[in-house]
Each structure stands twice: as structure tokens, then as C-alpha cells.
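# Build me a structure from this.
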Amino acid sequence: MKMHSPPHPGEIIRSTYIDHLEITVRELARHLDVSASTINRLVRGESGISPEMAVRLSICLGRSPESWLRLQDNYDLWQISKNKGIFKSVKSLSIPKDVGAA
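Numbers count the residues shown, from 1 in each chain. Below you'll find the model as predicted:
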């Protein structure tokens, strides 16, 4: 199901974990074994969740790494869907039905 304007994963980390648990960005960074600036960029929506960060978040905060990456993918796809005009030069390729069938 498509979500309307999904939040950046950093917003979820801030509201659900940092604000709710009343911890600092620096404290969360220590638990994740990353720099505080890395978490600051993430919670401000300036950077995304990489597979490595997804594993760190899974170990530290719970949820599966896949769910963290899914949050990032949903956000990224929503953002690009608002600017589909950049794909106007992309053309469909005629592919026979038996190609790619498992």
C-alpha cells in the first residue's frame, strides 16, 4: 500500500526514540557506535539509512534491518515520485513475456 508523504526515517528515530525515551543524539550515537554528527544528519533528514546503519539500528533499537531500509525506500520513492518529470526521456523497452520469467 502506498503511503501519502511518508516521514523520513530520521523523524521516526527522533520522535519515537530520542524524544520519547528522553535521550540525546549523542547518547544514541554512542550506543550505535557512530559519531553524533552522523545521527544529527539522519534525524534532520539530511542523510538516509544505509544497510550498515539499518543493522546498527536493528541491534540498538529493535525492528528488523529490512524494516529500517523499507522506511528509507518508502521515503525515497515518495520524494522521487513528486518529480517524475526528470524521467520524461526514459523510454519503455519491448521485452518478450518469456524473458525474466522464473
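# Please count neighbours and contacts with C-alpha atoms only from this point.
OK.
# now the end-to-end length of stretch 7-26.
22 Å (C-alpha to C-alpha, to the nearest Å).
# Sorry, wrong one. I was asking about stretch 61-69.
End-to-end for stretch 61-69, by C-alpha to C-alpha: 14 Å.
# So what touches that stretch?
Residues outside stretch 61-69 that contact it (C-alpha atoms under 8 Å, 6 or more residues apart in numbering): 9, 17, 49-51, 54-55, 57-58.
# Of these, which pair is most distant in space?
Farthest apart among these by C-alpha to C-alpha are Tyr17 and Pro51. That separation is 19.6 Å.
# between those two, who's got more neighbours?
Neighbours of Tyr17 and Pro51, each counted by other C-alpha atoms under 10 Å, are more numerous for Tyr17; the result is 16 against 13.
# Against Arg30, how distant is the residue sitting nearest the centre point of the chain?
In the chain, the residue lying closest to the centroid (C-alpha atoms, centre = their mean) is Gln72, at 1.7 Å. Per C-alpha to C-alpha, Gln72 is found 22 Å from Arg30.
# repeat for Lys97
51 Å.
# quick one: low-confidence parts of this structure?
1-3, 102 (pLDDT under 70).
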